[in-house]
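*Asks:* just a sequence and a predicted model for now, questions to come.
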Amino acid sequence: MVDAITEFVVGKIGNYLIEEASMLIGVKDDLEELKTELRCIHGYLKDVEAREREDEASKEWSKLVLDFAYDVEDVLDTYHLKLEERSQRRGLRRLTNKIGRKMDAYNIVDDIKILKRRILDITRKRETYGIGGLKEPQGGGNTSSLRVRQLRRARSVDQEEVVVGLEDDAKILLEKLLYYEDKNRFIISIFGMGGLGKTALARKLYNSGDVKERFKYRAWTYVSQEYKTGDILMRIIRSLRMTFGEESEKIRKFAEEELEVYLHGLLEGKKYLVVVDDIWEREAWESLKRALPCNHEGSRVIITTRIKAVAEGVDGRFYAHKLRFLTFEESWELFEQRAFRNIQRKDEDLLKTGKEMVQKCRGLPLCIVVLAGLLSRKTPSEWNDVCNSLWRHLKDDSIHISTVFDLSFKDLRHESKLCFLYLSIFPEDYEIDREKLIHLLVAEGFIQGNEEETMEDVARSYIEELIDRSLLEAVRRKRRKVMSCRIHHLLRDVAIKKSKELNFVNVYNDHLAQHSSTTCRREVVHHLIRRYSSEKYKNKRTRSFLYFGESGCLVGRDSETMKLLDSETMKLLRVLHLGGLRFHFASNGDLIHLRKILWRIAYRRRSEPSDLEVYLL
């Protein structure tokens with residue numbers, strides 16, 4: 001995992017050497033040397049990962065490399081900031097005074113010397129710990145950029161439509177949706193363990209042509225463990241698409257009780273279908289059901305949950321449907337559809353190896369599709385390597401789903417690893433707009449363009465690769481083009497775990513209401529932004545601040561949030577996402593103050609602050 005971060009920093013040093021060559025008098029050769037050493041170390045990191053070394057010495061050495069890579073980034077960014085501040089004071093974008101350049105260059109010399117001593121120490125410890133092998137880095141995973149494009153063009157299966165083993169379930173539930181005689185509001189609960197396909201089945205029902213024809217008013221919302229009733233109600237209202245223009249702005253300011261009354265009024269006297277995905281507790285349903293009229297129009301509600309007590313305790317009129325594991329025949333059909341997309345010839349040995357692996361998945365669809373996504377990018381000779389890796393981690397004669405996830409993650413190129421880790425910023429069950437994700441990945445600096453593709457095109461290819469591997473799920477499509485996506489909660493847990501190990505993202509929410517790091521690059525707030533902002537915040541290494549919280553949360557110029565954004569702790573900030581916040585300004589002067597903050601961030605990114613979600617009253 002550390003190799004993804006080191007490769008990112010190596011690329012950053014390279015870009016810095018090109019863009020800031022005139023500013024690096026006296027230290028350019030030293031930076032070139034650091035870049036070379038880091039690239040060499042990157043090769044040894046790949047070897048540690050390939051050999052699956054998990055001894056304490058390897059972990060300690062990898063941690064040293066990670067801290068070093070982050071410190072290199074800090075030195076470069078801090079130096080860059082000082083140059084910008086001097087140029088702003090002089091009213092120039094670039095310094096032209098040679099003496100000034102030399103003075104600034106000398107300011108970075110001591111830092112570079114310290115870094116050089118540290119990298120020598122890292123090399124000595126590598127030799128002491130007996131870490132050897134690859135001396136030149138190899139591409140992350142086994143898939144080049146060209147190969148990714150070829151695989152994408154070769155896709156023969158529309159994953160959105162593949163729901164193997166759920167045909168009988170869908171038939172039973174369609175009967176309940178369309179032909180059940182009860183005209184009152186009726187609840188259908190789909191329950192079972194994570195990874196069985198509850199959401200996939202609900203989406204198949206929701207998108208059925210007969211259902212669309214029968215229910216003019218349809219809405220989809222998710223709940224998850226971290227939920228705010230007001231946000232859920234707002235998502236249902238938006239999904240119904242019955243409010244426009246000024247009315248939409250008006251309801252953004254509604255309190256929870258007002259949203260409840262408003263939604264009830266929208267649906268009163270109408271035949272509706274609402275899907276409530278991933279409910280964890282009965283209280284969540286109790287807080288929603290008052291907003292859904294119990295009329296006599298034949299309305300239906302579909303609920304998905306992992307918990308039987310929730311499925312059977314939602315309402316007086318309900319049908320609870322438990323999902324089963326797939327049979328071996330169904331498992332193999334699902335696997336075949338995805339794993340052999342790019343293999344023309346299936347010999348007996350390959351089929352035997354595939355069936356042995358599928359048998360150990362024990363009928364869990366998510367485990368099967370992620371394994372198939374991994375193998376679909378492997379040559380037949382590489383299937384045995386994957387099989388051997390799985391066999392080393394068998395538990396109770398079964399492949400544990402986390403093992404498959406881990407193998408699939410390790411097989412990614414370093415750029416795709418960063419994209420996958422970045423998915424940990426989003427709240428559970430969050431529907432991710434594809435274009436927003438692309439903009440964020442580019443803004444973070446994870447994406448490098450090339451002669452054939454723009455950075456945005458490259459970012460799209462990484463997202464499609466994750467979808468192709470079943471590490472990311474397409475939610476909405478338009479003319480077969482993915483418009484939004486979602487990460488399964490089990491895969492999100494993997495991304496969060498690995499992000500925490502790498503100090504990659506620090507998430508602040510109801511369940512984690514304390515800052516766990518003062519060195520993390522990315523600070524993410526899911527709720528409670530006022531409480532977060534009011535605490536003493538000392539992380540001066542923040543590069544990205546992202547808010548995903550309550551819609552319509554008001555922020556004024558003198559608020560703790562604005563003070564935080566304008567503070568010294570945010571001086572290296574390059575990415576700012578403020579989804580759902582509304583800013584209240586008493587005068588034009590307040591608005592100018594916000595614009596100065598936004599332009600300061602844009603100046604560091606050499607872009608314009610056009611992609612920030614800011615709502616003004």
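*Replies:* Yes, it's here. Numbering: from 1, shown residues only.

*Asks:* quick check: chain neighbours aside, which residue is closest to Tyr70?
*Replies:* Thr519 (7.0 Å; Cβ to Cβ, 6 or more residues apart in numbering). Bear in mind the C-beta positions are built from the backbone N, C-alpha and C, glycine included.

*Asks:* report the secondary structure state of that neighbour.
*Replies:* Recorded secondary structure, Thr519: coil (DSSP: H, G, I helix; E, B strand; the rest coil).

*Asks:* in contact with it, which residues?
*Replies:* Tyr70, Asn503, Asn539, Arg541 (Cβ atoms under 8 Å, 6 or more residues apart in numbering).

*Asks:* test my guess that the first one contacts Ile5.
*Replies:* Looking back up the chat, that one is Tyr70. Yes: counting by Cβ atoms under 8 Å, Tyr70 does reach Ile5; the two are 7.5 Å apart.

*Asks:* of the two, who's got more company?
*Replies:* Neighbour count, other Cβ atoms under 10 Å: between Tyr70 and Ile5, Ile5 has more, with 24 against 18.

*Asks:* can you give me the distance of the more buried one to Ile122?
*Replies:* Plainly put, Ile5 is 14 Å away from Ile122 if you go by Cβ to Cβ, to the nearest Å.

*Asks:* likewise Thr379?
*Replies:* Distance from Thr379 to Ile122, by Cβ to Cβ: 35 Å.

*Asks:* give me the more crowded residue out of those two.
*Replies:* Between Thr379 and Ile122, counted using other Cβ under 10 Å, Ile122 has the larger neighbour count: 18 against 11.

*Asks:* which SS state does the more buried one fall under?
*Replies:* Ile122 ends up helix, using three-state DSSP.

*Asks:* do you know how far it is from Ala69?
*Replies:* 10 Å.

*Asks:* likewise Arg477?
*Replies:* For Arg477, the distance to Ala69 (Cβ to Cβ) stands at 38 Å.

*Asks:* cool, Glu167 as well?
*Replies:* 50 Å.

*Asks:* okay, which residue is most central for the chain?
*Replies:* Compute the mean C-alpha point of the chain, and by Cα atoms, centre = their mean the closest residue is Leu423, 1.1 Å away.

*Asks:* quick one: that one is in a helix?
*Replies:* Yes: residue state for Leu423 (three-state DSSP) corresponds to a helix.

*Asks:* I'd guessed it sits against Leu472; true?
*Replies:* Yes: counting by Cβ under 8 Å, Leu423 does reach Leu472; the two are 7.1 Å apart.

*Asks:* mutual contacts of those two, please.
*Replies:* Ile487, Leu491.

*Asks:* His393 against Thr403, yeah?
*Replies:* Yes: assessed by Cβ under 8 Å, His393 is found in contact with Thr403 at 4.4 Å.

*Asks:* so which of the two has more stuff around it?
*Replies:* Ranked by neighbour count (other Cβ under 10 Å), His393 and Thr403 place Thr403 first, with 19 against 14.

*Asks:* buried residues in stretch 220-238?
*Replies:* 220-237 (16 or more other Cβ atoms under 10 Å).

*Asks:* what does stretch 397-414 give?
*Replies:* 399-401, 403-414.

*Asks:* dump that stretch to PDB, keeping only the CA atoms.
*Replies:* Below are the C-alpha coordinates for stretch 397-414, written out as PDB (Å, rounded to 0.1, in the frame of the first residue of the first chain):
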ATOM      1  CA  ASP A 397     -12.100 -24.300   4.200                       C
ATOM      2  CA  SER A 398     -13.600 -21.100   2.800                       C
ATOM      3  CA  ILE A 399     -12.200 -18.100   1.100                       C
ATOM      4  CA  HIS A 400     -12.700 -15.200   3.500                       C
ATOM      5  CA  ILE A 401     -14.100 -12.200   1.600                       C
ATOM      6  CA  SER A 402     -11.500  -9.900   3.000                       C
ATOM      7  CA  THR A 403      -8.800 -12.000   1.400                       C
ATOM      8  CA  VAL A 404     -10.300 -11.600  -2.000                       C
ATOM      9  CA  PHE A 405     -10.700  -7.800  -1.400                       C
ATOM     10  CA  ASP A 406      -7.000  -7.600  -0.400                       C
ATOM     11  CA  LEU A 407      -5.800  -9.500  -3.400                       C
ATOM     12  CA  SER A 408      -7.800  -7.300  -5.700                       C
ATOM     13  CA  PHE A 409      -6.500  -4.200  -4.100                       C
ATOM     14  CA  LYS A 410      -2.900  -5.300  -4.400                       C
ATOM     15  CA  ASP A 411      -3.400  -6.000  -8.100                       C
ATOM     16  CA  LEU A 412      -4.300  -2.400  -8.800                       C
ATOM     17  CA  ARG A 413      -1.800   0.000 -10.300                       C
ATOM     18  CA  HIS A 414      -0.700   2.700  -7.800                       C
END
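
*Asks:* domain assignment for this protein?
*Replies:* Per automatic domain parsing, the structural domains of the chain span 2-129, 145-161+326-411, 167-322, 505-617.

*Asks:* show me the one of those domains that comes nearest Leu491.
*Replies:* With respect to Leu491, and counting by Cβ to Cβ, the nearest of those is domain 145-161+326-411 at 6.3 Å.
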